[in-house]
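K.L.:
here is a sequence with its predicted model. Questions after.
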Amino acid sequence: METVNIHQAKTNLSKLLSRVKLGEEIIISNRGILLAKLVPFRTSSNRRDSLGQDQGRFIVPEDFNAPLPEDILAAFEGSEE
């Protein structure tokens, strides 16, 4: 992964985008501070392919819809107990 400064990125944007299109990732920096990363844009040809991909990674607790405890509810509402 190559890092280029802002001037290089502005001067060579078309060339950098051609490289990104081929799968390369390029970081843009300003005075040594990393600012952005150019990465290839990917779309799913079928939105349904991405639905449910995290299935089984999270289990909804039985008390999910239960009322909040009074202290937490008070904190959300900004009131004091």
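P.N.:
Arrived safely, thanks for sending.
K.L.:
when you work out contacts or count neighbours from here on, use the C-alpha atoms and nothing else.
P.N.:
Will do.
K.L.:
my guess is Ser29 contacts His7. True?
P.N.:
No: taking CA atoms under 8 Å as the definition, Ser29 is not a contact partner of His7, at 9.5 Å.
K.L.:
neighbour-wise, which of these two wins?
P.N.:
Ser29 (18 against 12; other CA atoms under 10 Å).
K.L.:
can you mark which positions in the strand or helix carrying the more buried one are buried?
P.N.:
Assigning secondary structure by DSSP states H and E places Ser29 in strand 26-30. Neighbour-count burial for strand 26-30 flags 26-29 (criterion: 16 or more other CA atoms under 10 Å).
K.L.:
could you give me the average pLDDT of that strand?
P.N.:
The pLDDT scores in strand 26-30 average 96.
K.L.:
what helices and strands are in contact with that strand?
P.N.:
Contacts defined by 3 or more CA pairs under 8 Å, 6 or more residues apart in numbering; DSSP states H and E place strand 26-30 against strand 2-5, helix 6-11, strand 33-38.
K.L.:
and the gap between Asp71 and Gln55?
P.N.:
To Gln55, Asp71 is 32 Å away according to CA to CA, to the nearest Å.
K.L.:
next one: Ile28
P.N.:
35 Å.
K.L.:
and for Ser14?
P.N.:
40 Å.
K.L.:
over to Gly23?
P.N.:
Gly23 is 29 Å from Gln55, by CA to CA.
K.L.:
which of these two has more neighbours?
P.N.:
Of the pair Gly23 and Gln55, Gly23 is the one with more neighbours under other CA under 10 Å, namely 12 against 8.
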